[in-house]
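Engineer: Please work out how this folds:
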Amino acid sequence: MASEQAETRSAAAALETGRRVIRAERAGLDALADSLDPAFAEAVALIGGAAGRLIICGVGKSGHVARKVSSTFASTGTPSFFLHAAEAGHGDLGIIGSGDVVLILSNSGQSRELLPVLQFIQRRGLPLIAVTSDAGSDLAQAAGCLLRLPPVAEADPAIPAPTTSALMMLALGDALAAALWHGRGFSADDFSRLHPSGRLGAALARVGDLLDGLPPAPQVALEASLREIAEAITRGGLGCALVTDPDTGPDTGAAAVTGLITDGDLRRALLRDPPRAGEAAVSARDIMTRDPLTLDAGQSAAAALALMEQRQISQLVITGHGKPESGSEREHGPTILHLQRLLRAQVA
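Structural biologist: Okay, here's the model as predicted:
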């Protein structure tokens, strides 16, 4: 019983500590947002107007944050490299080139590893943006643009590990990157070209990019017989066929898609009582799903998945023109996109 009570008290203490730390860090972010001033816009302009790249430097926890922020800039259209301050004096200063803008992160602004970097920047006359909490520090004094962190205590005053300060640096870096990509009109399509891999890249891909290797969907006329439908579905290998009507197609002469017949629709039709003498035979128009949902190949894969989930369906008719990564336009369709293909591409 005593051990159970001790475990309960320990769990309660852990929860309380976790909530206190998160609330303290949230307060730091609120203070950071309130502290932004025209220097923030100046920093965005400096980075956006650079003839070269954005070099982001830090050491310790600030170095870890700097590496992540540099990655965010690079993936959103701003060429950026991370420079570890401790390695800079051992040859890595060569990363910095003429035309570059340098962003240095340091809570204290006094880390001795920064000295060679500051001296090099000053000799080159390069623009320097500083993120620090101490306006009187060497870093702040050397910078042409100072983004000062608000005077907020770390999440646990008893242990001054970089917690709230590191989070504020990370948020400030993300804010700079976001302000820049919004100002440049950087789009989701632009991002997808720089981030083609992983689940995020798959979700941003265009539907047309997922159609490679898919044949056009087989088509049958409104009056096609069950045998003709079965032959078309078997030939197409997609488990379904489109019903088209040349009389309602666009001016280009292509027949309009008016219905969809799956192999399940066909089986159900064959299991019904056959027509009696004198009755018309069952045709495609009798068993098709009318006006099936369609999606242009230029839409995102995420949009296709969302539509399938919303309508509780497992396939979409894809029409129109896609734009593959090569940049060439080619027509994709009409064809059928199955939910399984989205799952294999890790869109979901």
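Engineer: Need the three-state assignment for the residue nearest to Gly99 when sequence neighbours are not counted.
Structural biologist: Counting by Cβ to Cβ, 6 or more residues apart in numbering, the nearest residue to Gly99 once its immediate chain neighbours are dropped is Gly52, at 3.1 Å. For glycine as for every other residue, the C-beta is placed from the backbone atoms N, C-alpha and C. Of the three states, Gly52 takes coil according to DSSP: H, G, I helix; E, B strand; the rest coil.
Engineer: Val220 now?
Structural biologist: Val220 ends up strand, using three-state DSSP.
Engineer: Ile159 now?
Structural biologist: Going by three-state DSSP: Ile159 is coil.
Engineer: Report the residue ranges of every domain in the protein.
Structural biologist: Structural domains assigned to the chain are 24-186, 207-344, following automatic domain parsing.
Engineer: For Glu16, find the nearest of those domains.
Structural biologist: domain 24-186 (12.3 Å; Cβ to Cβ).
Engineer: next SSE after the helix ranked longest in the chain?
Structural biologist: Counting by DSSP state H, the longest helix found in the chain is helix 2-35. Proceeding N to C from helix 2-35, the next assigned helix or strand is helix 38-48, under DSSP states H and E.
Engineer: buried ones in that next one?
Structural biologist: By 16 or more other Cβ atoms under 10 Å, the buried positions in helix 38-48 come out as 40, 43-44, 46-48.
Engineer: Repeat that for stretch 67-85.
Structural biologist: Buried, per 16+ other Cβ under 10 Å, within stretch 67-85: 69-70, 72-74, 76-78, 80-85.
Engineer: closest to Ser137 among those residues?
Structural biologist: The nearest one, if we look at the buried residues of stretch 67-85 relative to Ser137 and count by Cβ to Cβ, is Ala85, at 14.0 Å.
Engineer: for Ala221, which residues make a bridge with it?
Structural biologist: Thr244 (DSSP bridges).
Engineer: Report pLDDT for it.
Structural biologist: On the pLDDT scale, Ala221 is placed at 91.
Engineer: List the residues that contact it.
Structural biologist: 243-245, 284 (Cβ atoms under 8 Å, 6 or more residues apart in numbering).
Engineer: Quick one: buried ones out of these?
Structural biologist: Applying 16+ other Cβ under 10 Å to these flags 243-244, 284 as buried.
Engineer: Against Gly144, how distant is Ala51?
Structural biologist: 16 Å (Cβ to Cβ, to the nearest Å).
Engineer: wait, I meant Met288
Structural biologist: On the measure of Cβ to Cβ, Met288 and Gly144 end up 69 Å apart.
Engineer: next one: Arg206
Structural biologist: Taking Cβ to Cβ, one finds Arg206 at 42 Å from Gly144.
Engineer: okay, these two: which has more neighbours?
Structural biologist: It is Arg206, of Arg206 and Gly144, that has more neighbours when counted by other Cβ atoms under 10 Å, with 22 against 14.
Engineer: my guess is the more buried one meets Gln299, correct?
Structural biologist: Yes. Contact criterion Cβ atoms under 8 Å: Arg206 and Gln299 qualify, at 7.0 Å.
Engineer: Which residue ranges of the stretch 201-348 of the chain form strands?
Structural biologist: 219-221, 240-245, 256-262, 289-290, 294-296, 315-319, 321-322, 330-331, 335-338 (DSSP state E, counting those that start in this stretch).
Engineer: closest to Leu126 out of those strands?
Structural biologist: strand 321-322 (43.6 Å).
Engineer: Mean confidence (pLDDT) on the closest one, please.
Structural biologist: 48.
Engineer: Same question for stretch 191-210.
Structural biologist: pLDDT averaged over stretch 191-210 gives 72.
Engineer: Which single one of the contacts of Ala221 is nearest to Gly259?
Structural biologist: Val243 (3.5 Å).
Engineer: Around the closest residue to that closest one other than its chain neighbours, how many other residues sit close by?
Structural biologist: Nearest non-adjacent residue to Val243, counting by Cβ to Cβ, 6+ apart: Gly259, 3.5 Å away. Gly259 has 21 neighbours, counted by other Cβ under 10 Å.
Engineer: and Gly259, what are its bridge partners?
Structural biologist: Val243, Arg290.
Engineer: who's in contact with it?
Structural biologist: 222, 242-243, 284-285, 288-292 are the contacts of Gly259 under Cβ under 8 Å, 6+ apart.
Engineer: That one and Leu339: what is the separation?
Structural biologist: Separation of Gly259 from Leu339 (Cβ to Cβ): 20 Å.
Engineer: Dump the buried ones among the contacts of Ala221 into JSON lines; add pLDDT as well.
Structural biologist: Converted to JSON lines, these look like this (pLDDT from 0 to 100):
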{"residue": "Val243", "pLDDT": "92"}
{"residue": "Thr244", "pLDDT": "88"}
{"residue": "Ala284", "pLDDT": "91"}
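Engineer: Turn the residues you listed into a markdown table, columns for distance to Gly28.
Structural biologist: Converted to a markdown table, these look like this (distance: Cβ to Cβ, whole Å):
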| residue | distance to Gly28 |
| --- | --- |
| Val243 | 61 |
| Thr244 | 61 |
| Ala284 | 65 |
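Engineer: Closest one to Ala306 out of the residues you listed, please.
Structural biologist: Distances from Ala306 to these, taken by Cβ to Cβ, are shortest for Val243, at 25.8 Å.
Engineer: my read: that closest one touches Ile261, true?
Structural biologist: Yes. Using Cβ under 8 Å, Val243 is in contact with Ile261, at 6.2 Å.
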